[in-house]
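# Task: produce atomic coordinates for the following.
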Amino acid sequence: MVDTVALNQSFVFSIEASDLNGLADIEGVFFRLYRPDGSLVLDTQNSLDFFLMHDDGNTEVFGDLVAGDGIYTFKNLFAQTAPIGMWRFEFQAQDRRNVLSNKIIHNIVVK
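Alright, predicted model coming up:
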C-alpha cells in the first residue's frame, strides 16, 4: 500500500490472507477506515462499518489480478472533498467459524 496519495488519484492495495484450514475457510477480508479526525468511515452502499476486500479477479472494479489466490484487493479514491491528512486503515480477516485474525494497521497521508 502506498504511504501517500493525492486527492482524486485512484490507487489499489492488497493484503494476503491465509487460514490453517485452507483458503476456502476464509469468510472474508475487510478493512475499517478512519478519517484524520478519528471518525469511522461507513460503507453506506452496503450498510456496513467496514469495507470488504475482493479476491475475485475483477481488475476493472476492484483491482484484483487473480481470483482465489488469497490476495484480497481494493481500489480506492479519495474525492476532492475528502479531508487531507493522515487516514488509518485497519485490516482483518474472518474465517467461517467467525474467528478474527490479528489486526494490521497502515496509515496513509492524503494530500
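# Just the pLDDT for the residue nearest the centre of the chain.
When CA atoms, centre = their mean is applied to the chain, the residue found nearest the centroid is F31 (4.4 Å). Per-residue pLDDT puts F31 at 97.
# Does it lie in a helix or a strand, and which?
According to DSSP states H and E, F31 maps onto strand 26-34.
# what distance separates the helix or strand just after that strand from the middle of the whole chain?
Using DSSP H and E, the helix or strand that follows strand 26-34 in sequence is strand 40-41. In terms of CA atoms, centre = their mean, to the nearest Å, the centre of strand 40-41 is found 13 Å from the chain centre.
# which residues are contacting strand 40-41?
The contact list for strand 40-41 (CB atoms under 8 Å, 6 or more residues apart in numbering) reads R32, L33, Y34, R35, D49. Placement of C-beta: from N, CA and C, glycine included.
# Need those in a markdown table (columns: distance to D43).
Compiled in a markdown table, these are given as follows (distance: CB to CB, whole Å):
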| residue | distance to D43 |
| --- | --- |
| R32 | 10 |
| L33 | 9 |
| Y34 | 13 |
| R35 | 14 |
| D49 | 7 |
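# what's the farthest-apart pair in these?
Within the contacts of strand 40-41, two members stand farthest from each other by CB to CB: R35 and D49, at 13.4 Å.
# So for the two, which residue has more residues nearby?
Using other CB atoms under 10 Å as the criterion, R35 and D49 rank with R35 on top: 15 against 11.
# how close does that one get to N76?
Computed with CB to CB, to the nearest Å, the distance linking R35 and N76 is 14 Å.
# And E60, by the same measure?
14 Å.
# okay, the two: which has more neighbours?
Ranked by neighbour count (other CB under 10 Å), E60 and N76 place N76 first, with 19 against 7.
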